[in-house]
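Chemist: Give me the fold of what follows.
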Amino acid sequence: MMIISDISGSLCRCSGSPEMIGLAATPEVSLADEPVRIRAWGLPPQTAITLRAWVRDEKGDIFHSRAFYQTDTEGKVDLEQSEATGGDFRGIYPMGLFWALKPTTPYRRLIKWDVMGSPFLVHLELYPSVLLVPSEDHLPAVTTVVERWYVAPGVQRLQVRDGRVRGALFIPPGQGPFPGVIDMFCMIGGLLEFRSSLLASRGFASLALAYFAYEDLPKFMPIVDLTYFEKAAQFLLRNPKVSGDGVGVVGVCKGAEIALCMAS
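Modeler: Here you go, the predicted model:
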């Protein structure tokens, strides 16, 4: 989606009126690990502008970012080539507005919980000046929205309750077999699926593995029982869609520690 206006805010274009301001993000619909190209045009040459991004997570929290740019001699900005002069980052970072997103409420984390049913909607806004202190009084000259999905079409999600093993298995589309991966996160507990769904979108059979504070698993994990993770690997290898020459393990924080123990 793209909304275009002139600098005066009018949608009509009469003789002698300013050139229409445009803002485009391509592709408009993409996986969350794919790059998005952001461009603006129709602005006065050599003028400072502000680009702002914001997204609302599934809990209602707002995450936002902004950066200042100077238009070129043709009144254009292309984030693949244009340098951010200030804001939340400096330099040429085509995806800076995405990775610089920070919470309005401190200490909140941007996590996608429903990976199958909905995307994150990232709103992009252009202001034809340097926006030092954003407020509701400042209205963007032009806006657009991009959809960031965490699963590709055709990926299957299977709830896992096999013996003691709990989690979610993501299978890519196609006949397979596919390389298998066990995916684990840190000490917050529960089940995080957004990385496994993206791995499956790239051709891996990925098991998002919970190991405490989920369903009937222990609420705390004072001692690591490696037999649980061995059972998870055996479960994955039994699946006919998984190639039988071993599985990979990816983890962060405590999950990385467990991954190293499994590999040894």
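Chemist: mind checking the SS state of the nearest residue to residue 113 once chain neighbours are set aside?
Modeler: The spatial neighbour of residue 113 that comes closest, neighbours along the chain excluded (CB to CB, 6 or more residues apart in numbering), is residue 58 at 5.4 Å. C-beta coordinates here come from the backbone N, C-alpha and C atoms, glycine included. Under the three-state scheme (DSSP: H, G, I helix; E, B strand; the rest coil), residue 58 adopts coil.
Chemist: where's residue 58 relative to residue 116, distance?
Modeler: For residue 58, the distance to residue 116 (CB to CB, to the nearest Å) stands at 13 Å.
Chemist: How about residue 140?
Modeler: From residue 140 to residue 116 the distance is 32 Å (CB to CB).
Chemist: More neighbours: which of these two?
Modeler: Remark: of residue 140 and residue 116, residue 140 carries more neighbours, 20 against 14, as counted by other CB atoms under 10 Å.
Chemist: wait, doesn't the more buried one sit right on residue 131?
Modeler: No - at 9.2 Å, residue 140 does not count as touching residue 131 under the criterion of CB atoms under 8 Å.
Chemist: Mutual contacts of those two, please.
Modeler: residue 52 (CB atoms under 8 Å, 6 or more residues apart in numbering).
Chemist: tell me the domain ranges of this structure?
Modeler: 22-149, 156-263 (automatic domain parsing).
Chemist: now do the same end-to-end measure for the shortest one.
Modeler: Between the opening and closing residues of domain 156-263 lies a distance of 27 Å (CA to CA, to the nearest Å).
Chemist: about what we covered before: dump the domains of the chain to JSON lines, plus mean pLDDT.
Modeler: Conversion of these to JSON lines gives the following (pLDDT from 0 to 100):
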{"stretch": "domain 22-149", "mean pLDDT": "96"}
{"stretch": "domain 156-263", "mean pLDDT": "93"}
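Chemist: what about the residue nearest to residue 113, how many neighbours?
Modeler: Look at residue 58: counted by other CB under 10 Å, it has 12 neighbours.
Chemist: Likewise for residue 42?
Modeler: By other CB under 10 Å, neighbour count at residue 42 equals 22.
Chemist: before we move on, what about residue 239?
Modeler: Count around residue 239 with other CB under 10 Å applied: 18.
Chemist: So it versus residue 199, what's the distance?
Modeler: For residue 239, the distance to residue 199 - CB to CB - is 15 Å.
Chemist: what do you get for residue 220?
Modeler: Distance, residue 220 to residue 199, by CB to CB: 28 Å.
Chemist: Show me which of these two is the more surrounded one.
Modeler: Regarding residue 220 and residue 199, a neighbour count based on other CB under 10 Å identifies residue 199 as having more, with 24 against 10.
Chemist: The more buried one - nearest residue in space that isn't next to it in sequence?
Modeler: Nearest to residue 199 is residue 206, by CB to CB, 6+ apart, at 4.0 Å.
Chemist: what about residue 203, how many neighbours?
Modeler: 14.
Chemist: same question, residue 241
Modeler: Residue 241: 17 neighbours (other CB under 10 Å).
Chemist: show me the contacts for the nearest residue to it once chain neighbours are set aside.
Modeler: Nearest non-adjacent residue to residue 241, counting by CB to CB, 6+ apart: residue 176, 4.1 Å away. Residues counted as contacts of residue 176 (CB under 8 Å, 6+ apart) are 205, 240-243.
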